[in-house]
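S.K.: Model the following, please.
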Amino acid sequence: MLNILGIIFITVGVGIWIFFIVKKRSVVLLIQPETDPKAKSQRVKRDIYAQRLERELSERFGWLRRSVQIIKIWFQKSHQLAVTKVKNWERSYSVSGRDEIKLNDTVVENMLSEARGRILKGKLDEAEKELIEVISLRPKNEAAFLLLAEVYEERAQWDNWLETVQFILKLAPGNHAVRARLAEYWINKKQLAKAFKEYELCLKYAPNYPKYLDGGIEMALEIGELTPAKEWVSKLLEVNPQNEKIAEFSKRLVESEK
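M.R.: Residues are numbered from 1 along each chain as shown. Just a heads-up that it's a prediction; the model follows:
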């Protein structure tokens, strides 16, 4: 019995040590000031990998994390200080507030081309590494983030995929194709209000696209947003009168208004 308890205490202790070392390392990497462009590039890569490691450890040792909640309270004040520093870092390195590191466009395109080839060959780890390298040098490169999202989708790493897609939409709010894919993600998660919002934004940028009208009407009817549903049914009738769903949508509208 004593041996079993000893093993449990040792396991918990090691887990706590790993968790706080990774946490501390990811925060320290984020808040260290650097002025040299090459050093900044390296730090961006380290940040990505450190955050990825922290998330994976959290997923694998979730049971351990839950068991040490009381201990975490002891570090709450210092953690809040670290969070504040990280937020300050995020503001100073916001998408609109920093200049990209100068790099030959041809080199970037070659790196992206290599990453695409690796994705097609199923070499996802190599592709991810290549894309993170590009992003560390060109943090506003939309194509690199799109390919990185593709890597995560292929792996079914949905947390990483969602994080990447949301950043793409910060870079390019008008990318309605990515928004439509995000809407499908929310539908699969049964979060229809979020899916509706994405379709609404899709139609802001592409108001006559039948696929977005279909999706938007469906979500609007599901959550009871009848005003946009009516507007979009009329638009669908205008741009795609042969659409077989128009009669069904009209019928559901009438029934919803009763």
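
S.K.: Show me where the stretch 151-258 of the chain has its helices.
M.R.: For the stretch 151-258 of the chain, the helices defined by DSSP state H, counting those that start in this stretch occupy 158-171, 176-188, 192-205, 210-223, 226-239, 245-256.

S.K.: Most tightly packed of those helices?
M.R.: helix 210-223 (a mean of 22; mean count of other C-beta atoms under 10 Å). Every residue, glycine included, has its C-beta placed from N, CA and C.

S.K.: just to revisit the earlier point, reformat the helices of the stretch 151-258 of the chain as CSV; add mean pLDDT and distance to residue 107.
M.R.: Output for those, formatted as CSV (pLDDT from 0 to 100; distance: least, C-beta to C-beta, whole Å):
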stretch, mean pLDDT, distance to residue 107
helix 158-171, 96, 20
helix 176-188, 97, 25
helix 192-205, 97, 31
helix 210-223, 97, 36
helix 226-239, 96, 43
helix 245-256, 93, 47
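
S.K.: Distance to residue 130 for those - can I get that in CSV?
M.R.: Listed next are those as CSV, based on distance: least, C-beta to C-beta, whole Å:
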stretch, distance to residue 130
helix 158-171, 15
helix 176-188, 21
helix 192-205, 29
helix 210-223, 32
helix 226-239, 41
helix 245-256, 42
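
S.K.: Out of those helices, flag the one nearest residue 119.
M.R.: helix 158-171 (13.8 Å; C-beta to C-beta).

S.K.: contact partners of the closest one?
M.R.: Here helix 158-171 makes contact (C-beta atoms under 8 Å, 6 or more residues apart in numbering) with 52, 55, 95, 140, 142, 145-146, 148-149, 152-153, 175, 178-179, 181-182, 185.

S.K.: measure the closest residue in space to residue 211 that isn't next to it in sequence to residue 201 for me?
M.R.: Excluding its sequence neighbours, the residue lying closest to residue 211 (C-beta to C-beta, 6 or more residues apart in numbering) is residue 180, at 7.1 Å. Counting by C-beta to C-beta, to the nearest Å, the gap from residue 180 to residue 201 is 10 Å.

S.K.: Which positions in the helix or strand encompassing residue 107 come out as buried?
M.R.: Under the criterion of DSSP states H and E, residue 107 resides in helix 105-120. In terms of neighbour count (16 or more other C-beta atoms under 10 Å), helix 105-120 has its buried residues at 108, 111, 112, 115, 116, 118, 119.

S.K.: Format those as TSV; extra columns: distance to residue 211 and pLDDT.
M.R.: Below are the buried residues of helix 105-120 laid out as TSV (distance: C-beta to C-beta, whole Å; pLDDT from 0 to 100):
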residue	distance to residue 211	pLDDT
108	32	90
111	32	93
112	27	95
115	28	96
116	25	96
118	30	96
119	25	96
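
S.K.: wait, what's in contact with the nearest residue to residue 164 once chain neighbours are set aside?
M.R.: Closest residue to residue 164 apart from its sequence neighbours, by C-beta to C-beta, 6+ apart: residue 149 at 4.4 Å. With contacts defined as C-beta under 8 Å, 6+ apart, the neighbours of residue 149 are 161, 164, 165, 168, 178.
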